[in-house]
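*Asks:* Provide a 3D model corresponding to the input given below.
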Amino acid sequence: MTAGETVRGLVELTRPVNVIAASVLTFIGAFVAGGDLAQFDVVAAVAATGLAVGAGNAINDYFDREIDRINQPDRAIPRGAVSPRTALVFSVFLFGMAVALALMLPWQALAIAAINLVALVAYTEFFKGLPGVGNALVAYLVGSTFLFGAAAVERIEPSVVLFVLAAIATLTREIVKDVEDVEGDREEGLNTLPIAIGERRALQVAAALLVAGVLASPVPYVLGYFGIAYLVLVIPADAIMVYAAYESFDDPTAGQSKLKYGMFLAALAFVVGRAVLAFGVT
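*Replies:* Below is the predicted model of the structure:
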């Protein structure tokens, strides 16, 4: 492998789209909390989130390299673009940078960062193969990006509802992804939720969770955190996610992909809803 191929492989390990998405969610958390978005703490929190997510994805691929030879053979480690040792060292480097930035933040943000860094490392090694536990941990990590951004500006309360809604949507998608990956997970001896209770029943659990999240989605508007524009955008986001959950029973790959798009639209609803309210439109 050439140096260029190795660099591309390292970038792939971080899942750039996921890094950007998580960083944006941290920014949204600070925005919803009404913080000064130009202050150093917000910039540091956004950067720390991106670095930590990249590190977590890289170490996940390190631990999952044998599973990926079955489920994802085109990933950087299975195809030989990056050696397992290089992936591990790269992950530790990114984690170190994330920790350095987190140490500069208010204590609430530092506490969330410490919990999340431990959870990122523990996820693949200890919890991924436990039915539902690994899914719940990932859901917490995604939802906590809102809390982290709000904690950076020391006003965490407005982001608690967003944390819950994002965690529910993520938990749904993680269960659907496990249904998609059943073959490789079973080969590795993992006991994921679809393996433990059956694929169809796992999808039913995912759908029930999503319906609960959809029913709760108007809560931020009711509490006054967002303006009417939030509802205008979150309703189609809810519709996309509900359809995705339905589609997952026939095609888990397509379903989890559409769930991701619905989640992005919901995140946009958070931003627009807060922006409209900030400009005095109710």
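
*Asks:* pretty sure residue 166 contacts residue 149?
*Replies:* No - Residue 166 is not in contact with residue 149 according to C-beta atoms under 8 Å; the separation is 11.8 Å. The C-beta positions use only the backbone N, C-alpha and C, and glycine is treated the same way.

*Asks:* give me the common contacts of the two.
*Replies:* residue 25 (C-beta atoms under 8 Å, 6 or more residues apart in numbering).

*Asks:* more neighbours, those two?
*Replies:* residue 149 (32 against 27; other C-beta atoms under 10 Å).

*Asks:* ok, now which ones touch that one?
*Replies:* 25-33, 35, 42, 45-46, 49, 159 are the contacts of residue 149 under C-beta under 8 Å, 6+ apart.

*Asks:* and the least confident helix or strand in the chain by mean pLDDT, what does it pack against?
*Replies:* Lowest on mean pLDDT, DSSP states H and E among the helices and strands of the chain sits helix 182-187, with a mean of 79. Counting contacts by 3 or more C-beta pairs under 8 Å, 6 or more residues apart in numbering; DSSP states H and E, helix 182-187 is packed against helix 65-71, helix 193-197.

*Asks:* which stretch in those helices has the least confidence?
*Replies:* Sorting the helices and strands packed on helix 182-187 by mean pLDDT places helix 65-71 lowest, at a mean of 81.

*Asks:* buried stuff in it?
*Replies:* 65, 67-69, 71 (16 or more other C-beta atoms under 10 Å).

*Asks:* any idea how far the next helix-or-strand element following it is from the middle of the chain?
*Replies:* Using DSSP states H and E, the helix or strand that follows helix 65-71 in sequence is helix 84-102. Computed by C-alpha atoms, centre = their mean, to the nearest Å, the chain-centroid distance of helix 84-102 equals 19 Å.

*Asks:* give me the angle between the helix or strand following helix 84-102 and helix 84-102.
*Replies:* Once the chain leaves helix 84-102, the next helix or strand it forms, by DSSP H and E, is helix 107-122. Going by axes from the mean of the first three to the mean of the last three C-alpha atoms, to 10 degrees, helix 107-122 is angled at 170 degrees with respect to helix 84-102.

*Asks:* okay, the angle between the following helix or strand past helix 107-122 and helix 107-122?
*Replies:* Using DSSP H and E, the helix or strand that follows helix 107-122 towards the C-terminus is helix 133-152. In terms of direction (the same axes, to 10 degrees), helix 133-152 departs from helix 107-122 by 160 degrees.

*Asks:* helices or strands up against the helix or strand following helix 133-152?
*Replies:* Downstream of helix 133-152, the next assigned helix or strand under DSSP H and E is helix 160-180. If you count contacts as 3+ C-beta pairs under 8 Å, 6+ apart, helix 160-180 packs onto helix 16-32, helix 133-152, helix 193-197, helix 199-216, helix 219-222, helix 228-247, helix 252-278.

*Asks:* give me that answer again for 6 Å
*Replies:* Applying 3 or more C-beta pairs under 6 Å, 6 or more residues apart in numbering; DSSP states H and E, one finds that helix 160-180 contacts helix 133-152, helix 193-197, helix 199-216, helix 252-278.

*Asks:* got a list of contacts for the second one?
*Replies:* In this case it means helix 193-197. Residues outside helix 193-197 that contact it (C-beta atoms under 6 Å, 6 or more residues apart in numbering): 131-132, 175, 178-179, 182, 186, 202.

*Asks:* thanks a lot, catch you later.
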